[in-house]
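Visitor: what follows is a predicted structure for the sequence shown.
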Amino acid sequence: MHFTKSAAILAVGTALTVGLAGCNSGSSSASGSSGDIKIGLSVSTLNNPYFVQFRNGAQAEAKKEGVSLTVTDASNDSSQQVNQVQNFTSQAMKAIILNPVDSDAAAPAVTAASRANIPVIAADRGVNKATVDETIASDNVTGGKLAAQELAKELGGKGTIVVLQGTAGTSAANDRGKGFTEGIAAYPNIKVVAQQPADFDRTKGLDVMTNLLQSHPGITGVFAENDEMALGAIKALGAKAGTTIKIVGFDGEVDGIKAVQAGTLNATVAQQPALLGQLAVQAAVKAAKGTKLAATVSVPVKLATKDNASQFATS
Amino acid sequence: MTETSEARGEILRVNGLRKTFPGVVALDGVDFDLRPGEVHVLLGENGAGKSTLIKMLSGAYQPDDGRIMVDDRETSIRSAQDAQRLGIATIYQEFNLVPQLTVAENLFLGRPPKRFGLVDKRRMTADARELLDRVGVDADPGQQIGTLGIARMQMVEIAKALSLDARVLIMDEPTAVLTTTEVEKLFAIVRQLRDQGVSIVFITHHLEEIPQIGDRVTVLRDGKSVAEVPADTPQEELVRLMVGRSIEQQYPRERSSQGPPLLEVRGLTRRGVFENVSFEVHAGEVVGIAGLVGAGRTEVARAIFGADGYDQGNVLVEGARLRGGDVHAAMEAGLGLVPEDRKGQGLVLGADVQENLGLVTLGRASHGGLVDRAGQRKRAAGIAERLNVRMSGLRQEVRTLSGGNQQKVVIGKWLLADAKVLILDEPTRGIDVGAKVEIYQLVNSLTASGHAVLMISSDLPEVLGMSDRVLVMARGRLAGELDAAEATQDSVMALAVAGVESGTAHDTVGGSNVR
Amino acid sequence: MSADTLQKQAGPSERNGAVRAASRFFAENGALGGLVILVVALSLMSGSFLTVTNLLNVGVQAAVTAILAFGVTFVITTAGIDLSVGAVAALSAVVCAWSATSEGLPWPLALVVALGVGILCGLVNGALITYGKLPPFIATLAMQGVARGLALVISQGSPIALPNSISHLGDTISSYLPVPVIVMVAMGLVTAFVLARTYSGRAMYAIGGNEEAARLSGIKVTRQKLITYALAGGFAAVAGIVLASRLASATPEAASGYELDAIAAVVIGGASLSGGKGTAFGTFVGALILAMLRNGLNLLSVSSFWQQVVIGVVIALAVLLDTLRRRSTN
């Protein structure tokens, strides 16, 4: 008696919540009429504006092509992502776009899909130890080099700088840091005096920058491995930001572009997440139709400076 | 002073043992010796140092000063393993058994007989049965410990001690939790072990047990060993040694004139637990509730106080109906409950004396959410002095107080609240003679000032000695009411087992003193 | 021992008394000893550590954790736990920014709404725990998900800029008085006052020490627990607003993982997860230790991989020291 009552409450509650959430996300699966082609997209996290833009680009392209796109959010949890991909295979998707939470941990998901003969496109991050049909990603190493060159240009080839690192151990942090180190090595008069982690987080960027100013008051430049940390650093530097201390960020997210336009951020290496999403869906449609794909596609990164910032602002 | 016997044939001897804890001298020169094959009773009020002494013998504490000799050789017992190697085993009130495991598994916990690296179940069962037979307990080695019941669990503990080749068995208040017949059985086993040459240190608060089981008695008072006397020493003399003065009367009840009914209970029922319980308690009256363990006495008390709900019936305080299941309302109406489980339900053990004394009056001492801390301190100091709480100060943690003083704190918080009707559930369980009398005198002064007391007790002499009327419960019902002046232990027991005989006759006599 | 001998012992050296008083103070505030050690060590290792500006920075950086931790102190004192404070802080900040910008509420009203959201989340936690009989761990874990999710829903996943009027809360008055530090100290005083002087505070200790004894002493446990979790929610809202005002923008993913920092600060400060113990001052010291540690690691340019190791070890050491100290005094 008691049990049935609580079970009923639970059922109604679940139905309501799911229904409510469904209403909001209904638009995400563009149920195209011509869509015999169903594509699944597992995003690593939607808790980040970059991936939200990536999803938007993918959805726009799906609508244009008239295919049905189902989007799931793995909330940065690899095991959840494996489950989602497995669900895609049982839903008879014609192609799967995987934006891996973790390059290593994504392998089982890919294997599961390959066994069901469903093509997999890896987006933004590659997959290790399993073969995907195509990998589409921004070139983070090249981006790091671009950032180094731009910062050196702003500094006139000499100065002391600090680097705000992303979350230790992530591929984005590794690749951007690697590219930057290689790039800055070409300028012997620029000295990197500190590299400290701020975990891609704006608050931490603010705190770490504040602390570094204490130990290194004379710095003239900052490279932040993403825009969030750069925005935190700008807060810490106050009026010096963009003027006596040059700052270069990475990502080209909305707030970052605004800062470039305002002149507090000297430049940011803009990725094109919407383009990434668009290319991924195009590749998936091709794969679904049986067309052979190129193994890797690089989405170009572009430097956004005050001069060209307006063209990024729309995205 | 202690009459030390000659150092011949002693298995254990301690000399001048001292131990201090921050702010407290727990032991202040204790001498004690144990001969092979004797039962040596340790007697003393709570806080006299009995537990500290046995904890030193079992390796839990190290003495600050003094000597421990085993087999005439000075030794130090640094751990439970040391004690075990010396053949000293201790059976505490809280058993060291794993309820989910079987009897055999508990007996050989951590050292099961092995064969080819695997537990040899057959041999373990056989060995267990042999041990169980030795202590004469009827239990299946494959049975889960948790299903045994307290008495047989205790026997298993004894069997476990024997399996470790214990020559010295220390038993901390083993009879406190047992019924009369169970006590008889325990004594039989203790005597048998004694005859086999095992030496037993026996702690009890029940003076009448001493001549039955003991050979010698060492009395501790305030951390010192004050006397070593034969076990047939008269009870009055033992009390005098324990307390340091003679206690004129064990139950000093003074009847007061009765007033109007303060508490009325009408047809109180909780299905399956108690049924149709009705009675009144008048101002100036002490009403005792006697009965077997499990007769529903505590459940009724908790229901009256609102700690648990009830299905039917009414509780009226001074004629006004009380909402069921609402402790706060009961407290506001003037009820107070001193629960059976002092540490689990009566006290915040980690808080200090002042905090505990002020718990009930916290709301009353608050104005606009702010507590009048100075007032709370003043009132706590006043009541602590009135109740003669022995402590180092109001800031002492109640955890470190002795049982009797802890109980005074629980009662004290209700005195501060000026509860009109105080419900005392087993108010003197585990409390020494001196503190007991102080609590009885408090009950007298409460009734003299027009308050009422409802007292649940399994200690029949206490119920008879301190109540004006005695209600007897059996199987969830009121079996009868007796005037305390006319009631005898036999007449109470006759009512308590009435109606039980027809059902599952369990001879759990609720009185540990009914012997 | 007579009073006479006591006096004679104390007589010759007056200093002895001061030393004894000092050592007793440290014995009762174990975390403070750890803080002093940390200050001395960092001062020796880095020349830029012991400066007014840097110490103010540490204060500012401790502020958000400390305010969250003050709220969690109430909960831990009642033997509960609150895993939702980080997410509630983010939700409150997002609601504040959203109502002040997209909804056009005047800024004082937006602050009140944000505070209300925090308190409401706390009340829901409390209701799940008391009426729903959920374990606090589960109830607040669920709230963590709900609050974080709602923050994303409201913000559409992107940061919302705060109006200037509110972001002044992250400013520094006359270059030496950072507002976050002022807010932190004020909230700390409120916490100390609530715990020591109010009915609810004393009831929290009693409930944490022995819930059944508190109930049987007529304390309305259900109501007090609701108040406790509501306070934690309210404090989380304040922390969220301070966090957002420092950045002049409210981010839905802000303060993730901060609940663990807050709990660590409370425990470093001498509270017991089994309840009945905890002080505002201890928590304050605990939050300072964490902030100072991160600050010092930056100043010393310790590698990013090692920083996590050091922080973990220091948390364990701080609590270990405290337990050892307690064991020796008992």
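Guide: Thanks, I have the structure now.
Visitor: could you use CA atoms for every contact and neighbour count after this?
Guide: OK.
Visitor: next one: stretch C:92-104 to chain centre, how far?
Guide: How far stretch C:92-104 lies from its chain's middle: 25 Å, per Cα atoms, centre = their mean, to the nearest Å.
Visitor: where does the residue of the stretch 51-200 of chain A found nearest chain C land on pLDDT?
Guide: When distances are taken as Cα to the nearest Cα, the stretch 51-200 of chain A approaches chain C most closely through A:Pro197, which lies 5.4 Å from it. Confidence per residue is given as pLDDT, and for A:Pro197 that number is 90.
Visitor: next, count neighbours for it.
Guide: The number of residues packed near A:Pro197 is 26, by other Cα atoms under 10 Å in any protein chain shown.
Visitor: ok, it - contacts?
Guide: A:Pro197 makes contacts with A:164-168, A:208, C:304, as judged by Cα atoms under 8 Å, 6 or more residues apart in numbering or on different chains.
Visitor: before we move on, what about B:Ser278?
Guide: Going by Cα under 8 Å, 6+ apart, the list of residues near B:Ser278 reads B:264-268, B:478.
Visitor: can you find the helix or strand of the chain with the lowest average pLDDT?
Guide: Using chain A. Ranked by mean pLDDT, DSSP states H and E, the helix or strand of chain A with the weakest confidence is helix A:2-25, at a mean of 60.
Visitor: nope, chain B please
Guide: Taking mean pLDDT, DSSP H and E as the measure, strand B:114-115 is the helix or strand of chain B with the lowest mean score, a mean of 78.
Visitor: strands paired with the helix or strand containing B:Val453, and their directions?
Guide: Counting by DSSP states H and E, the element that carries B:Val453 is strand B:452-456. The sheet places strand B:452-456 alongside strand B:286-291 (parallel), strand B:421-425 (parallel), with pairing taken from DSSP bridges.
Visitor: next SSE downstream of that strand?
Guide: Once the chain leaves strand B:452-456, the next helix or strand it forms, by DSSP H and E, is helix B:460-466.
Visitor: related to what we said a few turns ago, tell me the first helix or strand C-terminal of the least confident helix or strand of chain A.
Guide: Past helix A:2-25, further along toward the C-terminus, the next helix or strand under DSSP H and E is strand A:38-43.
Visitor: hmm, stretch B:372-388 in reach of chain C?
Guide: Yes. Stretch B:372-388 comes into contact with chain C when judged by Cα under 8 Å from any Cα of the partner chain, the residues involved being B:372-373.
Visitor: tell me the buried residues in that stretch?
Guide: B:372-373, B:376-377, B:379-381, B:383-384, B:387 (16 or more other Cα atoms under 10 Å in any protein chain shown).
Visitor: need the next SSE after the helix or strand containing C:Val72, C-terminal direction.
Guide: Mapping C:Val72 onto the secondary structure by DSSP H and E places it in helix C:52-77. Scanning the chain past helix C:52-77 towards its C-terminal end, the next helix or strand to appear is helix C:85-101 (assignment: DSSP H and E).
Visitor: how far is the next helix or strand after that next one from where the chain is centred?
Guide: Taking DSSP H and E as the definition, the helix or strand that follows helix C:85-101 towards the C-terminus is helix C:107-130. Going by Cα atoms, centre = their mean, the spacing between the C-alpha centre of helix C:107-130 and its chain's C-alpha centre is 18 Å.
Visitor: which strands and helices lie in contact with helix C:107-130?
Guide: Using 3 or more Cα pairs under 8 Å, 6 or more residues apart in numbering or on different chains; DSSP states H and E as the contact criterion, the secondary-structure elements in contact with helix C:107-130 are helix C:85-101, helix C:136-155, helix C:221-247.
Visitor: the second one: what's the following helix or strand?
Guide: Reading on from helix C:136-155 to the C-terminus, the next helix or strand found by DSSP H and E is strand C:160-161.
Visitor: sheet partners, orientation included, of that following strand?
Guide: Within its sheet, strand C:160-161 is paired with strand C:249-250 (antiparallel), according to DSSP bridges.
Visitor: so for the partner strand, mean pLDDT?
Guide: If you average the pLDDT over strand C:249-250, you get 87.
Visitor: what do you get for stretch B:407-418?
Guide: Averaged across stretch B:407-418, the pLDDT comes to 93.
Visitor: so for C:Val185, what pLDDT did the model give?
Guide: 96.
Visitor: could you list every helix and strand that the helix or strand hosting it packs against?
Guide: C:Val185 is part of helix C:179-197, with elements assigned from DSSP H and E. If contacts are counted by 3+ Cα pairs under 8 Å, 6+ apart, helix C:179-197 sits against helix C:52-77, helix C:199-209, helix C:280-299.
Visitor: so for B:Phe305, which of these sits nearest?
Guide: When these are compared by Cα to Cα, helix C:199-209 sits nearest B:Phe305, at 19.0 Å.
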